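Student: Here is my input; please provide its structure:
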Amino acid sequence: MFKIAIVDDEAPARVRLRTLLDDIAHEFPHEVVAETGDAQEALRLMQTVKPDVILLDVQMPVMTGIEFAKALRAASGEGDRPQIIYITAYEEFALPAFEVQATDYLLKPVRASRLLESLRRVRARLPQPEISGTDDRRPARTSFSIMERGRVVMVPVSEVLFMKADQKYVSLHTSFRSYLIEDSLTSLEAEFPDRFVRVHRNALVRRSAIAGVEKVVQSVSRPNGDEKVSEGWQVLVAGCAEKLPVSRRQWSVIKPLLR
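Tutor: Below you'll find the model as predicted:
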């Protein structure tokens, strides 16, 4: 289980972080192994609780968050040292924070989606356990937990017809509407290999929602005035009008699914 420590001298700020962590617990399973408002006490705790990441304030009495990070580096080996995400109301300490090798620097009030993104970055940097003969992957989700205008919307995976990469987000499309999540298309493809198949570098489609394919003929004008005609395919998705282009690389994967 991913271990988190919270170090902030203001009790309301610690409560707020606990609430945010509870909000994202479905998407990011974790355990809060320590919580304190005293940086010196936190240093002592780190020897026993050994968190993966510390959510750390900057401006604290007796010892600042920057001083804490320096003391932690001096007291522990690099392999045993937890990563640090600073969560503070002050922009001006960002440079000193990254000089002590902070993983991220978040400004209060932090959003749940931004905290989730940061924690995933931490997890990605941790050594991954070797996979034995059994499959040690976490079971795939049955629904997506999406933050939307101050509320959490649960979208069943079974209702998602396709997913499209959209800059830093991925859009989930159902028969009724679309939603934005911060997962990468690559991680979603790995999580749901039996449910979704990649049709293009920017899109995954639910295997059972593939209603057929349609040939597309495109005409492209060349600089010399001639036209180049190219042919391709696009997937027809059951339950919606949108058609998804199939890349040449993925056509060999999609074609057997049509038999």
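Student: all contacts plus neighbour counts: C-alpha atoms, from now on.
Tutor: Fine.
Student: my read is Asp194 is in a helix, agree?
Tutor: No. With DSSP: H, G, I helix; E, B strand; the rest coil as the criterion, Asp194 is assigned coil and is not in a helix.
Student: next one: phi and psi at it?
Tutor: Backbone torsions for Asp194, taken as degrees, to the nearest 10, come to phi -90, psi -10.
Student: tell me, how many neighbours does it end up with?
Tutor: Using other CA atoms under 10 Å, Asp194 has 10 neighbouring residues.
Student: Report the contact partners of it.
Tutor: For Asp194, the contact set (CA atoms under 8 Å, 6 or more residues apart in numbering) comprises Arg207.
Student: from here on, count from 16
Tutor: In the new numbering, first residue 16, that becomes Asp209.
Student: Next, find the distance separating it from Pro66.
Tutor: Applying CA to CA, to the nearest Å, one obtains 34 Å for the distance of Asp209 from Pro66.
Student: Helix, strand, or coil at the residue most central in space within the chain?
Tutor: Using CA atoms, centre = their mean, the residue of the chain that lies closest to the mean C-alpha position is Asp198, 4.2 Å off. When the structure is split into helix, strand and coil by three-state DSSP, Asp198 lands in coil.
Student: any weak-confidence spans in this structure?
Tutor: For the chain, the stretches with pLDDT under 70 are 91-95, 142-154, 165, 234-240, 242-243.
Student: mind giving me the domain ranges of it?
Tutor: Residue ranges for the domains of the chain, per automatic domain parsing: 17-140, 172-273.
Student: dump the residue contacts of Val220.
Tutor: Taking CA under 8 Å, 6+ apart, we find Val220 in contact with Leu176, Phe177, Met178, Phe211, Val212, Arg213, Val214, Val252.
Student: For the first one, the count of nearby residues, please.
Tutor: In other words, Leu176. The burial count assigned to Leu176 is 23, neighbours taken as other CA under 10 Å.
Student: how about it, phi and psi?
Tutor: phi -90, psi -40.
Student: in terms of contact, does it touch Val250 like I think?
Tutor: No. Leu176 is beyond contact range of Val250, at 11.8 Å (criterion: CA atoms under 8 Å).
Student: quick revisit: what's the closest of the domains of the chain to Thr157?
Tutor: Across the domains of the chain, the minimum distance to Thr157, taken as CA to CA, is reached by domain 172-273, at 5.5 Å.
Student: roughly how far out does the closest one sit from the chain middle?
Tutor: Using CA atoms, centre = their mean, to the nearest Å, the mean C-alpha position of domain 172-273 is found 21 Å from that of the whole chain.
Student: Show me where the stretch 16-165 of the chain has its helices.
Tutor: Listed in chain order, the helices found in the stretch 16-165 of the chain under DSSP state H, counting those that start in this stretch are 26-38, 54-64, 80-90, 109-114, 127-140.
Student: List the residues that contact Ala127.
Tutor: Contact partners of Ala127, counting by CA under 8 Å, 6+ apart, are Leu35, Leu36, Asp38, Ile39, Met162.
Student: how about a cut-off of 6 Å?
Tutor: Leu35 (CA atoms under 6 Å, 6 or more residues apart in numbering).
Student: Determine which stretch of the domains of the chain is the most buried.
Tutor: Comparing the domains of the chain by mean neighbour count (mean count of other CA atoms under 10 Å), domain 17-140 comes out on top with a mean of 17.
Student: And it, end to end?
Tutor: Taking CA to CA, domain 17-140 runs 12 Å from one end to the other.
Student: now the helices of the stretch 16-165 of the chain in JSON lines, with distance to Leu272?
Tutor: As requested, those are exported to JSON lines (distance: least, CA to CA, whole Å):
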{"stretch": "helix 26-38", "distance to Leu272": "38"}
{"stretch": "helix 54-64", "distance to Leu272": "50"}
{"stretch": "helix 80-90", "distance to Leu272": "54"}
{"stretch": "helix 109-114", "distance to Leu272": "49"}
{"stretch": "helix 127-140", "distance to Leu272": "33"}
